[in-house]
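Student: Sequence below, structure please.
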Amino acid sequence: MPHPVPTPALRTSWLALALAMGLISLVNLVHSAPAAEAGSTPPSPLYETREPHHRDGIGKFFMDREIAHVMGHQAADWLERPERESEEETTRMIGLLGLKPGDVVVDMGCGTGYLTRKLAPKVGPRGRVLAVDIQPEMLDLLTNRLTAVGITNVTPVLGGEKDPHLPAGSADLILMVDVYHEFSHPYEMTAAMCRGLKTGGLLVFVEFRKEDPKVPIKEHHKMSEAQVKREMAPHPLEWVRTESGLPWQHVIFFRRK
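Tutor: Okay, the predicted model is just below:
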């Protein structure tokens, strides 16, 4: 599927949109957040480097899981493929989240905004979607598409490898769809996301089921429910439920204590 090609003019328009929607104030707020979550005990060693490693991984391991390569913006068309709805039932998945008008929801690793555009109507004009990505090129594609369909309740946020730059205690729900397994610093990112959640807010993982060999996705881009729970154990989170009714993915809910 063709997509807009980023140009200097589009980058300028993205910056103007971000400023207009209050991105700068969001980034400033996060600097007042504590450096670490009280009571969060990291595993030891935190990360390991192993050689040789699989070609689909980066050679860095967290809790015995090799971290996968990030899907670059060059493959952005895959996020917008026409068959995605039938393969992943994304509309049904969004319905499982229980979003309400006025909620603040984070689309972590938003990419082109395929899911952002589904989340925005759920929270309505009184709500907001914070669309976070570490690739400026993805945010260019996101803002182009939002402008094309007239969606205005989205704030694009350029995140970092260790911190998504969320305001402390701001989010009702953080959604990660096939994203977490690519975090180069999953412990630090989870700690930062916990700081960004309201008490009682939800951290939601949508990951391709590693337990199911029939799911046609590379193994490094799948995660088991047990592994997700293991990696969340050091954080101030409690498992709520797991939905396994989607064709290829499970949806794993944690609540911020």
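
Student: pretty sure M71 is in a helix, no?
Tutor: No - per DSSP: H, G, I helix; E, B strand; the rest coil, M71 lies outside any helix segment and is coil.

Student: Relative to R65, how far out is the nearest residue to it once chain neighbours are set aside?
Tutor: Among residues not flanking M71 along the chain, E182 sits closest, at 7.0 Å (C-beta to C-beta, 6 or more residues apart in numbering). No exception for glycine: its C-beta is placed from N, CA and C like everyone else's. Look at E182 and R65: by C-beta to C-beta, to the nearest Å, they are 12 Å apart.

Student: Pull up the overlap in contacts between those two.
Tutor: Common neighbours of E182 and R65 are not found (criterion: C-beta atoms under 8 Å, 6 or more residues apart in numbering).

Student: Give me the helices and strands touching the longest strand seen in the chain, please.
Tutor: Ranked by residue count under DSSP state E, the longest strand found in the chain is strand 197-209. Applying 3 or more C-beta pairs under 8 Å, 6 or more residues apart in numbering; DSSP states H and E, we find strand 197-209 packed against strand 171-177, helix 186-196, strand 222-223, helix 225-232, strand 249-256.

Student: Wasn't N144 part of a strand?
Tutor: No - according to three-state DSSP, N144 belongs to no strand; its state is helix.

Student: Let me see the confidence value for it.
Tutor: For N144, the pLDDT comes out at 97.

Student: how much space is there between the residue most central in space within the chain and D133?
Tutor: The C-alpha lying nearest the average C-alpha coordinate of the chain belongs to M108 (C-alpha atoms, centre = their mean; 2.2 Å). M108 sits 8 Å away from D133, taking C-beta to C-beta as the criterion.
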